[in-house]
Each structure stands twice: as structure tokens, then as C-alpha cells.
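Novice: predicted model and sequence follow; I will ask about them next.
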Amino acid sequence: MSGPDGADAINRVSVEPYYLQLADRIRNQISTGAIAVDDRLPSEGELATTWNLSRATVREALRLLEEEGWVTRIARRGAFASMPPRRGWLLQGREGFFEDEVEGRQRRVTTQVLRAEQAPLPASAAEALQMPLGSHGYILERLRSLDGMVALFSVNYLPPQVGTLVARSDVPVGEGSLNRTLRQGGYAVAGASRTVEAVSAQGVATDRLQVPTGAPLLKIKSTSWDTNLVVFEHHEVWVRSDVVQVEIQVGAPALTQTTSPSPEIARIVSP
């Protein structure tokens, strides 16, 4: 396992928490074969020494990887590398919207950006972002396909200053991670409110998802805030339930010195 002096060294000046950086590096080493599946990982103490991190940080990284299926921990034996079963996409977890599935390259996920611009916000989005009605913000519309089949249509709403950050990234061309761009820009999710409901396709969703009016869809709405309780992102997603379904796994709260709540893990899986 590469140490802190290599290209994968922990970035000490990044706003991204150390445990997420360490999890990223271990996950990448497992997915690329640098760490073979079923190999025993170094102990928490050894990882802490290798990466010059606290054991609490290492423990949180391993807990996250275990939630995702990249690590299996066996009592009195240690942690072992594993490959998560991939029936579909990670909808929303610590790593963000589909990032885990895209990075793992277990399925062919493609993104088509339909709109990316500063524009007047719908009343519902302005309210969710705690902005005055009629405010302008950044609107990002994307269409996601799984293995060539249209699966979901999403619209993200961001305050102007956050939108400027995203506009300067590679997200608007469909190649970047919105969640990672936000984290690296100082907008890390400390908490979020999410709802999932069954709806009938109508309006723009029917055209985007290539379904007839009245077809069954799942609609997910989410509003995220930072550690100062400042809301910085709201999104709405329409999912074709004939292509994928939502599976939710609830993780236990982290036993670390962090004020961030442990978010739920929701996975879109093929039926």
C-alpha cells in the first residue's frame, strides 16, 4: 500500500475530510487490483502510521468502506479487501450522487448535460435554498443512462456563488463529479433532508425519460447544508422504476469527533 510520500498522499490543505481521502485511496487500490480481493489490510495502527493519520480517522474510513462493501471486517482477524456486489448505482451516500458506481466502473454510466446556466429559480427551489422568491441561481439538468438505457433525469439548483464554482469545473460537460467539486470548493455535506415518492410521469419528465404520460416513476428530492447549517444545494430526480429501483441501507452514527451526521445510504439497483 502506497504511503504518504507518493502521489496518493493525503492532501493536508484540502477541505475534503481526511477519512474520505483515505477511503478514496484504499477504494482505488482495491478496484485497480493493487490490493487483491480477500487480502488482509494493514491494521488500524499500521494504516495510521503509514498515512500519518489518527486511528479515529482510519477507523471512520474503514467503517465507510465496510458500508459500501469494499472492506469486510472479521472479529479478531482484521479487515479484508472485498468487491461490492454491483446490481446498480449508489444513489446517495457519503461519496455523493453515483460517484461510487462511476469510479468503480462496474456498470456503464453515461451523463448527458441538458442545461447548465444561471437563471431564475423556480419558487420551490428558491424556498428550499432559503432564497427570496424570484432569485437567480445555477440550474444543472442532467440525463443519466445505465448500460445504454435511460434511467433518470435530475435537476440541481445552486446559489449563484456555488453555481459559479461548478460552472468553472468539468461538471457542465458531463465529465466531472458535482459532489466532489462542491467538497473541494468548501461545500461539504454535513446533513441533508431527502424524500422519495412514487409519481406518475408527466410534462418534461416523459420526454426526458422516454416514457408515456402516466408511467410510474420515483421522485427523489434532497436539500443539503454545511456544518454552519447553510443550505447550498437542492435537487430533484425522476427515476424510471422499470429500469432501476431504490434500496436504502441505514448506517449507524459514526463514533468519531465529528459534528456531521451519518447519512443514509441509498442504492439504485436493477430489478
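Specialist: Thanks, I have it.
Novice: could you use CA atoms for every contact and neighbour count after this?
Specialist: OK.
Novice: please enumerate the strands of the stretch 101-250 of the chain.
Specialist: 109-120, 136-146, 149-158, 191-200, 216-225, 231-240, 245-249 (DSSP state E, counting those that start in this stretch).
Novice: can those strands go into JSON lines with extra columns for mean neighbour count and mean pLDDT?
Specialist: Output for the strands of the stretch 101-250 of the chain, formatted as JSON lines (neighbours: other Cα atoms under 10 Å; pLDDT from 0 to 100):
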{"stretch": "strand 109-120", "mean neighbour count": "16", "mean pLDDT": "93"}
{"stretch": "strand 136-146", "mean neighbour count": "21", "mean pLDDT": "94"}
{"stretch": "strand 149-158", "mean neighbour count": "22", "mean pLDDT": "93"}
{"stretch": "strand 191-200", "mean neighbour count": "14", "mean pLDDT": "90"}
{"stretch": "strand 216-225", "mean neighbour count": "20", "mean pLDDT": "93"}
{"stretch": "strand 231-240", "mean neighbour count": "22", "mean pLDDT": "95"}
{"stretch": "strand 245-249", "mean neighbour count": "16", "mean pLDDT": "56"}
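Novice: among those strands, which is nearest Y18?
Specialist: strand 191-200 (18.0 Å; Cα to Cα).
Novice: residues in contact with that closest one?
Specialist: Residues from elsewhere that reach strand 191-200, judged by Cα atoms under 8 Å, 6 or more residues apart in numbering: 213-227, 260-261, 263.
Novice: ditto for stretch 128-139
Specialist: Residues contacting stretch 128-139 (Cα under 8 Å, 6+ apart): 115-123, 126-127, 155-160, 162-164, 223, 231-234.
Novice: can you list the buried residues in stretch 40-50?
Specialist: Judged by neighbour count using 16 or more other Cα atoms under 10 Å, the buried positions of stretch 40-50 are R40, L41, E44, L47, A48.
Novice: residues contacting the last one?
Specialist: It refers to A48. A48 neighbours (Cα under 8 Å, 6+ apart): S54, R55, V58.
Novice: cool, the fourth one as well?
Specialist: Neighbour list for L47: L53, R55, V58 [criterion: Cα under 8 Å, 6+ apart].
Novice: let's see 10 Å
Specialist: For L47, the contacting residues are M1, G3, L22, L41, L53, S54, R55, T57, V58, R59, by Cα atoms under 10 Å, 6 or more residues apart in numbering.
Novice: does V37 touch G69 like I think?
Specialist: No. Using Cα atoms under 10 Å as the test, V37 is too far from G69 to be in contact (11.3 Å).
Novice: shared neighbours of the two, which are they?
Specialist: Residues touching both V37 and G69 (Cα under 10 Å, 6+ apart): A81, S82, M83.
Novice: count the neighbours of the second one for me.
Specialist: Counted with other Cα atoms under 10 Å, the burial measure for S82 works out to 23 neighbours.
Novice: surely it touches Q29?
Specialist: No. Between S82 and Q29 there is no contact under Cα under 10 Å: 11.2 Å.
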